[in-house]
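Participant: Build me a model from this:
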Amino acid sequence: MSERLHLFGIRHHGPGSAHSLARALDRLDPAMVLIEGPPEADAVAHLAASQRTEPPVALLVHARDRPGLASFYPLAEFSPEWVALRWALARDRPTRFIDLPATHGLALRAAEEDAVAAPTPGRDGDPLRDLATLAGYGDVEAWWNSLIEEATHPETLFAAVEMAMTAVRERADAQADAASDEMVREARREAHMRLAIRSGLDGCEGPLAVVTGAWHVPALRRQVPMKDDRALLKGLPKIEVAATWTPWTDPRLARASGYGAGVVSPGWYRHLWSALEGPAGLDRRAMAVGWQSGVAALLRAEGLATSTASVIEAVRLAESLAALRGRAAPGLDELNEASLATLCEGDDTPLRLIEARLVIGARVGSVDEAAPLMPLLADLARQQKKLRLKPEATMSEIGLDLRSEAGLAKSALLHRLLLIEVPWGRLTDAGGSRGTFRERWRLAWEPELAVALAEALRWGTTIEDAAAEAAVERAASQTEAATLAELVRATLLADLPRAAERCIDRLQAVAARSGDVSGLMRAAPPLADTLRYGEARTIPETPLRRLVETMVTEICVGLTFACRQLDEAGAAAMLTAAAGLDRALLSADWRRALAGLIDDGAVAARLRGFATRKLYDAGDSLGENAIQTTAPRLSRALSPSVAPGEAAGWLEGFLDDAGRLLLHDRPLLGLLDDWVRRLDTTDLETLLPQLRRAFSGLDGTERRRLLSAAVGRREIDAATAVAIAEDDQAFRVALPLLQTLLGLTA
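Facilitator: Numbers count the residues shown, from 1 in each chain. The predicted structure is shown next:
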């Protein structure tokens, strides 16, 4: 190719690469700059020059008519592509993006997703690993950082990078399968970039700068006939796309977020970039001092004592570690190790905070208001305007009347946003009274929510479509009944009846073959409550009722087996689930299932006591005399032959939430009173914690009323109770213990 062509092989999001590129562009002063990226972004590239566009940001290219089909191209201030773009815009030089157009890339991805074909193997691992190993580094990231990103470089840097990449790529290409999906995609991209370079050379008279990933440089330098490149791109499918900018965040620049071209340490790279671009150039000692000072400031803000002397010692230790390892200056590894030893006193917990807040970072970008709105943000803006819900950074609270059309629409929007992980609003009265037709929300708009909206494009281009698809996608991969029930509930609250039906179908399938009776017991109550109390929204009542009936049948059939051989924690969890289900169901089948627990010795005592109590509550409805059937059960369970621990467990299950009931159920109070009278002092002291726990939910007035009832089995005040006690020597002896039991002052 022409001598006017200058290829700059860079690493995406590399501060050293970006710094060297900026100096190289100043020296070359190219007539045109070509950058790896989607050509559709040319239309919005000029917005990068706006003072209101602050990285990290991302170029977003999305299909207009296919929900969720989109690609993001994140950029930080230390990304070489961003530096090249800003350089060209500041000097009014033409700039173009030259990667394979997204109109083809997204169409090919759509075809691959539709075909669901098994991928063919491409290259094996990271081809740079051998170079890192030869240089004595354990991983490629540390090697590249030390060699390129954490150092200043002579003018020959890019030539040296190209030479190394040429050798590495020749070996990697020889070992790879040229027919693999990965290799075919890469060949198409590089063919388009070569054609764009030819067009750029024809379109300018001076030097042409091409900024691309270092891996592509050997392929772009290669002399390939134009007809071959065109043949490789002929007949590619197309899809209509649009491009815009969207805010991004440091955590989403990080590799840990799943971003393929991400870096391990965006926050550290920003610190390097500031040092490299400082007025005095790179001062390695100042860079280490600045970093450790930032660490100390963070720890102090978290309430941890950090002295200036410790900061000085941390810098010295980092420099010593670098010298021992033959490095010109401390890198991130040395600084982290020094921070751990001196500032964190060997504790990993503060170090994890440092990694999250400083190494990765927490910055959120912003974009110029002139940028076209991405589909979900545009849809949200339309609904916010229609519903008069203004996004504000300050916290505000709103109350919604779900009986009004406007209140119902606002509620549905906020619930749909929760489904796509955009928590603009938080429900403050969640779990309130059943059957209510009011909601209270706390609203606060944060910049991160725009990023979350951009990421939610994978589910759809409207809030409604995205929320429905997100719910259905989660349901398809979920195997826990309780979680699926929460999804069903969420889709009903979001007024997504079709998605609710699909989630119901999934829960129906899981419930039909689930052996997790406890999970089904946790899942059924909210659905049963929905059927019992109704919703302001339209609900698919028939499939929901069928689902609840199926779940209850599965629970009743498997209850006895599920309650056997449980340890204390398992019995407590089962008791909680059973109590929740009992409040939601008034089912004869459920009562009969509970009856099967009472005399089963393999069932935990707490559960047998709970079942006895619930059958006592339902005695009349089952055609039984509650007192006559319960008294012998209580006597057997609490007889002297039963171990105190087991008796205590049975009693705790029997008294579950019974304290307030005893105020109104005198026969039950008499039954327990007669049993307590027969206990000796030792047994009573053993059972005292369980007895006190049973009455913990009563307030002071209710406890005094219960004391009065226990004294006279009739309504009298506390003073009368004490007077009666004084006339009864035996009761006067027992009164302090009874007051202790009820939590009253003796």
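Participant: Show me which helix or strand of this protein is least confident by mean pLDDT.
Facilitator: Across the helices and strands of the chain, mean pLDDT, DSSP states H and E gives its lowest value to helix 718-726, namely a mean of 50.
Participant: can you pull out the strands in the protein?
Facilitator: 5-10, 32-35, 57-63, 70-75, 95-97, 208-213, 241-247, 396-401, 425-427, 438-443 (DSSP state E).
Participant: what's the closest of those strands to Ala475?
Facilitator: strand 425-427 (21.0 Å; CB to CB). Yep, even glycine has a C-beta here, placed from its N, CA and C like the rest.
Participant: So which bits of the closest one are buried?
Facilitator: 425, 427 (16 or more other CB atoms under 10 Å).
Participant: got the contact list for it?
Facilitator: With contact meaning CB atoms under 8 Å, 6 or more residues apart in numbering, strand 425-427 is reached by 414, 417-418, 439-443.
Participant: Any chance of a markdown table for the strands of the chain, columns mean pLDDT and distance to Arg677?
Facilitator: As requested, these are exported to a markdown table (pLDDT from 0 to 100; distance: least, CB to CB, whole Å):
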| stretch | mean pLDDT | distance to Arg677 |
| --- | --- | --- |
| strand 5-10 | 94 | 87 |
| strand 32-35 | 97 | 89 |
| strand 57-63 | 90 | 75 |
| strand 70-75 | 89 | 74 |
| strand 95-97 | 97 | 88 |
| strand 208-213 | 96 | 85 |
| strand 241-247 | 91 | 71 |
| strand 396-401 | 90 | 53 |
| strand 425-427 | 92 | 49 |
| strand 438-443 | 90 | 49 |
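Participant: Pipe those strands into JSON lines and attach distance to Leu106 per row.
Facilitator: Below are the strands of the chain laid out as JSON lines (distance: least, CB to CB, whole Å):
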{"stretch": "strand 5-10", "distance to Leu106": "25"}
{"stretch": "strand 32-35", "distance to Leu106": "19"}
{"stretch": "strand 57-63", "distance to Leu106": "5"}
{"stretch": "strand 70-75", "distance to Leu106": "7"}
{"stretch": "strand 95-97", "distance to Leu106": "15"}
{"stretch": "strand 208-213", "distance to Leu106": "20"}
{"stretch": "strand 241-247", "distance to Leu106": "6"}
{"stretch": "strand 396-401", "distance to Leu106": "38"}
{"stretch": "strand 425-427", "distance to Leu106": "32"}
{"stretch": "strand 438-443", "distance to Leu106": "34"}
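Participant: Number of residues surrounding the nearest residue to Ile354 once chain neighbours are set aside?
Facilitator: Excluding the flanking residues, the one nearest Ile354 by CB to CB, 6 or more residues apart in numbering is Val295, at 5.6 Å. By other CB atoms under 10 Å, the residues close to Val295 number 28.
Participant: got the contact list for Val295?
Facilitator: 311, 314, 339, 343, 354, 358.
Participant: now those in TSV, with pLDDT and distance to Arg502?
Facilitator: Formatted as TSV, the contacts of Val295 follow (pLDDT from 0 to 100; distance: CB to CB, whole Å):
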residue	pLDDT	distance to Arg502
Val311	94	57
Ala314	94	56
Ser339	95	50
Leu343	93	52
Ile354	93	44
Leu358	93	44
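Participant: List just the nearest of the residues you listed to Ala41.
Facilitator: Within those, distances to Ala41 taken as CB to CB reach their minimum at Leu358, with 31.1 Å.
Participant: Return the residues in contact with the nearest residue to that closest one once chain neighbours are set aside.
Facilitator: Closest residue to Leu358 apart from its sequence neighbours, by CB to CB, 6+ apart: Gly267 at 5.1 Å. Going by CB under 8 Å, 6+ apart, Gly267 touches 250, 357-363.
Participant: Pull the most distant pair out of the residues you listed.
Facilitator: Of all pairs in the contacts of Gly267, the most separated under CB to CB is Val359 and Arg363 at 12.8 Å.
Participant: more crowded one of these two?
Facilitator: A direct count of neighbours by other CB under 10 Å for Val359 and Arg363 places Val359 higher, at 23 against 19.
Participant: Quick check: phi and psi on the residue nearest to that one when sequence neighbours are not counted?
Facilitator: In this structure, Val359 finds its nearest non-sequential neighbour in Ser265, 4.7 Å apart by CB to CB, 6+ apart. With angles defined as degrees, to the nearest 10, Ser265 sits at phi -140, psi 70.
Participant: And Ser265, what's its pLDDT?
Facilitator: For Ser265, the pLDDT comes out at 88.
Participant: How many neighbouring residues does it have?
Facilitator: Close neighbours of Ser265, defined as other CB under 10 Å, add up to 24.
Participant: picking that back up, from the contacts of strand 425-427, which single one is nearest Asp495?
Facilitator: Closest approach to Asp495 among the contacts of strand 425-427 (CB to CB): Leu414, at 11.0 Å.
Participant: Tell me the spacing between the residue nearest to the closest one when sequence neighbours are not counted and Val364.
Facilitator: Counting by CB to CB, 6+ apart, Gly425 is the residue found nearest to Leu414 once chain neighbours are left out, at 4.1 Å. The gap separating Gly425 from Val364 is 19 Å, by CB to CB, to the nearest Å.
Participant: how about low-confidence regions in the stretch 501-650 of the chain?
Facilitator: 532-536, 583-587, 619-626 (pLDDT under 70).
Participant: just the helices in it please.
Facilitator: 517-533, 541-562, 568-584, 588-595, 605-617, 626-637, 644-654 (DSSP state H, counting those that start in this stretch).
Participant: Including mean neighbour count and distance to Glu480, could the ones you listed go into JSON lines?
Facilitator: Listed next are the helices of the stretch 501-650 of the chain as JSON lines, based on neighbours: other CB atoms under 10 Å; distance: least, CB to CB, whole Å:
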{"stretch": "helix 517-533", "mean neighbour count": "21", "distance to Glu480": "6"}
{"stretch": "helix 541-562", "mean neighbour count": "19", "distance to Glu480": "13"}
{"stretch": "helix 568-584", "mean neighbour count": "18", "distance to Glu480": "13"}
{"stretch": "helix 588-595", "mean neighbour count": "18", "distance to Glu480": "22"}
{"stretch": "helix 605-617", "mean neighbour count": "24", "distance to Glu480": "22"}
{"stretch": "helix 626-637", "mean neighbour count": "16", "distance to Glu480": "34"}
{"stretch": "helix 644-654", "mean neighbour count": "22", "distance to Glu480": "26"}
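Participant: between these, which one is nearest to Leu669?
Facilitator: Leu669 sits nearest to helix 626-637 of all the helices of the stretch 501-650 of the chain, at 11.3 Å, using CB to CB.
Participant: Just give me the neighbour total for Gln508.
Facilitator: Gln508: 16 neighbours (other CB under 10 Å).
Participant: what separates it from Trp273, distance-wise?
Facilitator: From Gln508 to Trp273 the distance is 55 Å (CB to CB).
Participant: And Ser180, by the same measure?
Facilitator: 36 Å.
Participant: Same drill for the two, tell me which one is more crowded.
Facilitator: Between Ser180 and Trp273, counting by other CB under 10 Å, Trp273 is the more crowded of the two (21 against 15).
Participant: Pretty sure that one sits against Pro80.
Facilitator: No - assessed by CB atoms under 8 Å, Trp273 is found out of contact with Pro80, at 10.9 Å.
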